[in-house]
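Participant: fold the stuff below for me.
(one chain, ligands or ions: 2)
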Amino acid sequence: QGSARDRTPVREHWASRAGFIAAAIGSAVGLGNIWRFPYEAASHGGSAFLVVDFIAILLIGLPAMLAEFTIGRRSHRNVVDAFGSGGRIWKLAGVLAAVSAFWVVSYYSVVGGWVIRYLVESSSGAYFANPAAHFSGAAAGLDALFFTAVFMLITIGIVAFGIERGIELATKLMVPAIVVLMVCLAVYAATLRGAGAGYEYFLEPDFDYIFSNFETLIPAAVGEVLFTLSLGSGIMITYASYVEDSESLLADGLAVVIVNTFVGYLAGLIVFPLLFAQGVQPGDAGAGAIFVSIANAFRTLPAGELLGIVFYLVVLIAAVSSAISLLEIPTAYFVDNFPIPRPMIAAGVGFAAFLLGVPSALNTGTLELFDSIASEVLLPTGIFLVTVFVGWVYGREAMAELGEGLHERFLPRYWLWHVRIVVLAAVGMTLLISLASFAN
Ligand code: PFF
Ligand code: NA
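Facilitator: Ligands and ions are numbered 1, 2, ... in the order given. Next up is the predicted model:
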């Protein structure tokens with residue numbers, strides 16, 4: 001009794017490989033797909049954004065996700081200590097990632113709060129008379145703060161239960177529900193008058209737009225890819241650290257990327273027909289406006305109340321399954337390093353994030369600023385450091401990690417060089433453009 005070993009708690013892990021995949025998909029699929037992706041697409045030329053986004057997913061998203069997976073499974077540590085295995089300076093990279101997750105969850109919960117409010121008010125029909133008037137001001141203020149708190153409490157509740165009984169169980173139920181409900185909504189949207197115009201706007205590539213807006217399109221697309229795939233804030237590192245077996249990480253990464261992309265496109269196939277059916281110009285839709293426009297569509301559509309409930313319920317489920325991954329990152333660091341019960345840590349970190357989110361809840365402009373700092377500076381910096389770490393600190397070890405369970409020797413080798421050159425260059429360039437635009 002009392003030996004050092006007794007004091008080192010056994011680290012948690014996923015009960016099954018499916019659990020890891022469900023959790024990773026649950027993290028990826030979120031507000032980034034249903035709220036942010038359509039609104040970013042709408043403010044960057046619609047279909048043009050889609051093309052650049054797709055290329056960025058393949059060239060940067062998937063290889064970067066595999067990079068985070070290899071760091072996590074190699075180290076079996078939270079993000080701070082995972083980077084810390086490369087030396088003291090590297091620990092700072094881990095701290096930055098954990099801070100980024102903390103930063104994002106602060107305003108992510110505010111948007112999650114909006115969703116709860118829309119859900120509640122869809123069931124009462126409260127906004128149906130005049131959504132724009134009803135929601136003007138609802139995005140910011142004390143009400144918004146209240147709903148943010150509700151959202152944060154749900155998130156804390158799940159993280160408190162830990163990996164297997166909290167995150168894994170919740171996401172195994174949530175992910176199938178999200179996909180099924182989204183498919184139903186997309187089928188419904190296809191029946192709307194105006195669906196054709198919506199599809200055209202979303203799907204017909206506008207190459208002129210791409211070439212004349214290159215410098216704004218690239219950082220926006222890279223930022224969205226990192227955001228939507230939960231990259232650059234240590235999530236995939238931490239989630240992979242709870243993986244025990246030596247299955248192929250490549251297959252898991254592919255599954256996450258494919259489902260996430262599929263849900264993002266489904267969201268576009270739902271949102272744009274809804275907007276065009278209403279005669280709303282998508283370009284006008286800002287961070288909060290897209291919800292108002294959608295609410296507006298529900299008002300006039302047959303069975304709009306039911307539709308509203310289903311739509312906001314999916315968005316809420318997707319948002320919660322992502323928020324838990326964000327809260328888990330700083331939580332995991334404290335769980336690994338301090339003898340404090342997990343529920344207390346989750347509550348403490350969640351409460352602190354709620355406080356950081358107060359300015360975003362009170363002012364939508366602040367929320368948009370927090371969001372662009374995250375997607376254009378913090379996440380690209382995080383993934384840049386991941387790239388250097390995998391490329392030169394882990395190097396061949398990372399290659400071996402990716403090679404496990406894979407009967408194929410060329411791919412891991414190619415991947416390492418791809419990370420060292422293509423991902424590094426693309427992310428580095430994006431970062432320079434973003435920093436330059438922030439400096440202006
Ligand atoms: N990937 C999730 C989404 O698309 O909503 C959540 C998320 C995780 C966003 C990590 C941002 C982030 F840094
Ligand atoms: Na996403």
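
Participant: in which helix or strand does whichever residue of the stretch 51-200 of the chain sits closest to ligand 1 reside?
Facilitator: For the stretch 51-200 of the chain and ligand 1, the shortest gap (CB to the nearest ligand atom) falls at residue 104, measuring 4.4 Å. Yep, even glycine has a C-beta here, placed from its N, CA and C like the rest. Using DSSP states H and E, residue 104 sits in helix 88-124.

Participant: show me what contacts the residue nearest to the residue of the stretch 51-200 of the chain closest to ligand 1 when sequence neighbours are not counted?
Facilitator: Using CB to CB, 6 or more residues apart in numbering and skipping the chain neighbours, the partner closest in space to residue 104 is residue 374 (5.1 Å). Applying CB atoms under 8 Å, 6 or more residues apart in numbering to residue 374 gives the contacts 100, 103, 104, 107, 227.

Participant: how does it look with 10 Å?
Facilitator: Residue 374 is in contact with 100-101, 103-104, 106-108, 223, 226-227, 232-233, 380, 382, counting by CB atoms under 10 Å, 6 or more residues apart in numbering.

Participant: against residue 19, how distant is it?
Facilitator: Relative to residue 19, residue 374 is positioned 28 Å away (CB to CB, to the nearest Å).

Participant: residue 61 now?
Facilitator: Plainly put, residue 61 is 23 Å away from residue 19 if you go by CB to CB.

Participant: go on, residue 440?
Facilitator: For residue 440, the distance to residue 19 (CB to CB) stands at 46 Å.

Participant: more neighbours: which of these two?
Facilitator: The neighbour comparison of residue 440 against residue 19 (other CB atoms under 10 Å) goes to residue 19, with 20 against 5.

Participant: host element of the more buried one?
Facilitator: Using DSSP H and E, residue 19 maps to helix 17-28.

Participant: show me what that helix is packed against.
Facilitator: Helix 17-28 makes packing contacts with helix 62-75, helix 169-190, helix 235-241, helix 249-277, helix 304-337 when contacts are defined by 3 or more CB pairs under 10 Å, 6 or more residues apart in numbering; DSSP states H and E.

Participant: highest mean neighbour count out of those helices?
Facilitator: Neighbour counts (mean count of other CB atoms under 10 Å) averaged over each of those peak at helix 235-241, with a mean of 29.

Participant: that one - contacts with which helices or strands?
Facilitator: helix 17-28, helix 62-75, helix 79-84, helix 88-124, helix 249-277, helix 304-337, helix 379-388.

Participant: in CSV, list the ones you listed along with mean pLDDT.
Facilitator: Formatted as CSV, those follow (pLDDT from 0 to 100):
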stretch, mean pLDDT
helix 17-28, 94
helix 62-75, 97
helix 79-84, 97
helix 88-124, 94
helix 249-277, 91
helix 304-337, 92
helix 379-388, 97
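
Participant: would you turn those into JSON lines with distance to residue 410?
Facilitator: Listed next are those as JSON lines, based on distance: least, CB to CB, whole Å:
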{"stretch": "helix 17-28", "distance to residue 410": "24"}
{"stretch": "helix 62-75", "distance to residue 410": "15"}
{"stretch": "helix 79-84", "distance to residue 410": "27"}
{"stretch": "helix 88-124", "distance to residue 410": "29"}
{"stretch": "helix 249-277", "distance to residue 410": "12"}
{"stretch": "helix 304-337", "distance to residue 410": "32"}
{"stretch": "helix 379-388", "distance to residue 410": "21"}
